[in-house]
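>>> Any chance you could fold what I've pasted below:
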Amino acid sequence: MKFCTFRQKDVEQVGIVSSDYQAVYALKELNITINKMEELIENYTALKEEILINRDQLTPIPLDQVELLAPIPHPKHDVLCVGLNYQLHALESAKFAGREYQKPEHPVYFSKRVNQAVGPNGRIPAHANITEKLDYEVELAVIMGKTCSKLAPEEVFDAIFGYTIANDVSARDIQMAYGQYMFGKGLDGFAPMGPWIATKDEFPEPPHLNLKTYVNGELRQDSNTSDLIFDLPYMISELSQGMTLETGDILMTGTPAGVGMGFIPPRFLKVGDEVICEVEGIGQLRNTVG
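Numbers count the residues shown, from 1 in each chain. Coordinates of the predicted model:
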């Protein structure tokens, strides 16, 4: 199933996405007291059967009559991220930074501050007062399904709720100037996510999914999660050895080659650009720079 967070008549709700992606069904029709996505994730095991049995009886609300929000608009914690996790992207990043490429021995972890995640069709702030090198990064984002620690790699998929699409928007000039990722990737509006969460049972383990990014209709990124240097069991197990992962926590898993800084000359985003991030089996996340 696919679950979304949407706003209708100034009321935020959690809903089920129809199989043709043309409508949503409000969970409140089932008399389920779920006000936000984290509550659904927390109680999903107990509610899943009831939702499956009754969802076809719910009243469809056409998608064009609601505003889709990021599935988790206000993450409880900063989003966990991993950088340089596709080999060709690691290579283009090294070239941009003027250094020799070396395959990483360990994942490059960092956190991304997200006061509010930008939803589908939302605006990516240009922050033109502090950056001239605005970039895009399509990523598969993992949504944790339960609180856990010290997971073995073979236990990781049992702890996942599902997946969504994320765009790890980055200010490359800030990132390079400060020599770390926090500031250049943590500006307001730099975490578009959505359009919904697809539950893990829709995918194999591990999920081998095509990822693409289009800028103004031009294909820029085109790869597959099978090319990850460090896979989901490795990363999530490793992180959990020393930090507790909680229900609703989000992990962005890295981006493939084709980001703006990888072109010669670089092709950074500008005001008015439309960015579409696509992940197979989930859908498209469409945003405009403004």
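>>> residue at max distance from the center of the chain?
The centre of the chain is farthest from one residue, Gln57, which by Cα atoms, centre = their mean lies 30.4 Å away.
>>> Ramachandran angles for it?
With angles defined as degrees, to the nearest 10, Gln57 sits at phi -90, psi 0.
>>> Now do it against Leu47, distance only.
Distance of Gln57 to Leu47, given as Cβ to Cβ, to the nearest Å: 15 Å. C-beta coordinates here come from the backbone N, C-alpha and C atoms, glycine included.
>>> what sits against the residue nearest to Arg286 when sequence neighbours are not counted?
Distances taken as Cβ to Cβ, 6 or more residues apart in numbering put Ile276 closest to Arg286, at 4.9 Å, once the chain neighbours are dropped. Residues in contact with Ile276 (Cβ atoms under 8 Å, 6 or more residues apart in numbering) are 213-215, 284-286.
>>> What mean pLDDT does the helix or strand containing Ile276 get?
Element membership of Ile276 [criterion: DSSP states H and E] is strand 274-279. Across strand 274-279, pLDDT averages out at 98.
>>> what does stretch 232-240 give?
98.
>>> now Leu187, nearest residue through space, not along the chain?
Nearest residue to Leu187, sequence neighbours excluded (Cβ to Cβ, 6+ apart): His127, at 5.4 Å.
>>> per-residue confidence at the one you found?
On the pLDDT scale, His127 gets 98.
>>> Verify the stated contact: it with Val169.
No: in this structure His127 lies outside contact range of Val169 using Cβ atoms under 8 Å: 9.5 Å.
>>> which residues do those two both contact?
Joint contacts of His127 and Val169 (Cβ under 8 Å, 6+ apart) are 134, 187, 189.
>>> how much space between the second one and His208?
Computed as Cβ to Cβ, the Leu187 to His208 distance reads 32 Å.
>>> More neighbours: which of those two?
A count of neighbours by other Cβ atoms under 10 Å puts Leu187 above the other of Leu187 and His208, at 20 against 12.
>>> same for the lowest-mean-pLDDT helix or strand in the chain, what does it pack against?
When the helices and strands of the chain are compared on mean pLDDT, DSSP states H and E, helix 87-97 comes out lowest with a mean of 75. Using 3 or more Cβ pairs under 8 Å, 6 or more residues apart in numbering; DSSP states H and E, the elements in contact with helix 87-97 are helix 172-178.
>>> name the helices or strands packed onto the helix it packs on?
Contacts defined by 3+ Cβ pairs under 8 Å, 6+ apart place helix 172-178 against helix 87-97, helix 182-185.
>>> Using PDB, write out the CA atom coordinates for that helix.
As requested, the backbone C-alpha atoms of helix 172-178 are provided in PDB (Å, rounded to 0.1, in the frame of the first residue of the first chain):
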ATOM      1  CA  ARG A 172      27.700  23.200  -3.300                       C
ATOM      2  CA  ASP A 173      29.600  26.400  -2.700                       C
ATOM      3  CA  ILE A 174      28.600  26.400   1.000                       C
ATOM      4  CA  GLN A 175      29.400  22.600   1.200                       C
ATOM      5  CA  MET A 176      32.900  23.100  -0.300                       C
ATOM      6  CA  ALA A 177      33.700  26.300   1.600                       C
ATOM      7  CA  TYR A 178      32.900  24.700   5.000                       C
END
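>>> Can you tell me what sits against that helix?
Under the criterion Cβ under 8 Å, 6+ apart, residues 96-97, 130-135, 181, 183-185, 187, 260-261, 266, 268 lie in contact with helix 172-178.
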